[in-house]
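Student: build the 3D model from these lines:
(one chain, ligands or ions: 1)
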Amino acid sequence: MPKTFPGVTVVDHPLVQHKLTLMRRTSTSTKQFRELLNEIGMLICYEITRELPTELIDIETPLSPMKSPVIEGKKLVFAPILRAGMGFLDGMQNLIPSARVAFIGLYRDPTSLKSVEYYFKAPEDVADRLVVVMDPMLATGNSAIAAVDMLKDKGVTKLRLMCLLAAPEGVEKFTKAHPDVHVWTAAVDDHLNDHGYIVPGLGDAGDRMFGTK
Ligand code: URA
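Tutor: Numbering: from 1, shown residues only. Below you'll find the model as predicted:
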């Protein structure tokens, strides 16, 4: 029986799991890794947006007028944590082209593993919108916690966290710090190692996306 974590949805759709397996393999190229991350981003975003409210509008089909549903209210904000969060963005924008984007620049201090802010840019009315924070790897949880802190400081109240892989340690820390923010991930792995890497994981997501190492 897979372990469950309160406040976390594991997207166990076969397509997501298949693509995640390809991403984990060392032999997967940088190009394939980026493409797979975009595709999984689309599939997880589909699940995250499942409960969005809709409203009926009047339209005309070639045959008849009708009332038909559209997504209600203000558009979403996608908030990738730089740099690896960018890997989800294209796929999500393909799905929801009208979404706004907020950029959150955080790097992980290699010694303390604490998050250090270096950039923040969000739409002016971000506080009125549902914000999806994106970071493929929920490892220590520090970056995701810091990103959500920054958004809450700007008045955002409706937030979701989208990951690809999570460590149990990161899940616990994040859900304790922000119990109101639900987490979506494709898997919760075994543990975090002493260098803050998820095991078995897939390595450094940013390096694998951009070929840096
Ligand atoms: N960030 C990564 O890219 N990989 C990990 O395993 C942990 C943090």
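
Student: what's the span of stretch 80-97 from first residue to last?
Tutor: 15 Å (Cα to Cα, to the nearest Å).

Student: mind listing what's buried along it?
Tutor: Within stretch 80-97, the residues that count as buried by 16 or more other Cβ atoms under 10 Å are 80-93, 96. In short, each C-beta sits where N, CA and C put it, glycine included.

Student: pull the residues that contact it.
Tutor: Defining contact as Cβ atoms under 8 Å, 6 or more residues apart in numbering, one finds that stretch 80-97 is touched by 34, 37-42, 44-46, 49, 75-76, 78-79, 99, 101, 103-106, 119, 132-137, 143-144, 147, 162, 164, 205-206, 209-210.

Student: which parts of the chain sit against the ligand?
Tutor: Ala84, Met137, Ala139, Gly196, Tyr197, Ile198, Gly201, Asp204, Ala205, Gly206 (Cβ under 6 Å from any ligand atom).

Student: what's near enough to touch the closest residue to Leu43 other than its chain neighbours?
Tutor: Spatial nearest neighbour of Leu43, chain neighbours left out: Val16 (5.1 Å); criterion: Cβ to Cβ, 6 or more residues apart in numbering. By Cβ under 8 Å, 6+ apart, the residues touching Val16 are Ile40, Leu43, Ile44, Ala186.

Student: what strand or helix carries Val16?
Tutor: Secondary structure assignment for Val16, by DSSP states H and E: helix 14-24.

Student: now, of the contacts of stretch 80-97, which are buried?
Tutor: 34, 37-42, 44-46, 49, 76, 78-79, 99, 101, 103-104, 106, 132-137, 143-144, 147, 162, 164, 205-206, 209-210.

Student: does Asp207 touch Pro136 like I think?
Tutor: No: Asp207 is beyond contact range of Pro136, at 11.8 Å (criterion: Cβ atoms under 8 Å).

Student: helix, strand, or coil at the residue of the chain most remote from its centre?
Tutor: For the chain, the largest distance from the centre (Cα atoms, centre = their mean) belongs to Leu63, which lies 40.6 Å off. The three-state assignment at Leu63 reads coil, by DSSP: H, G, I helix; E, B strand; the rest coil.
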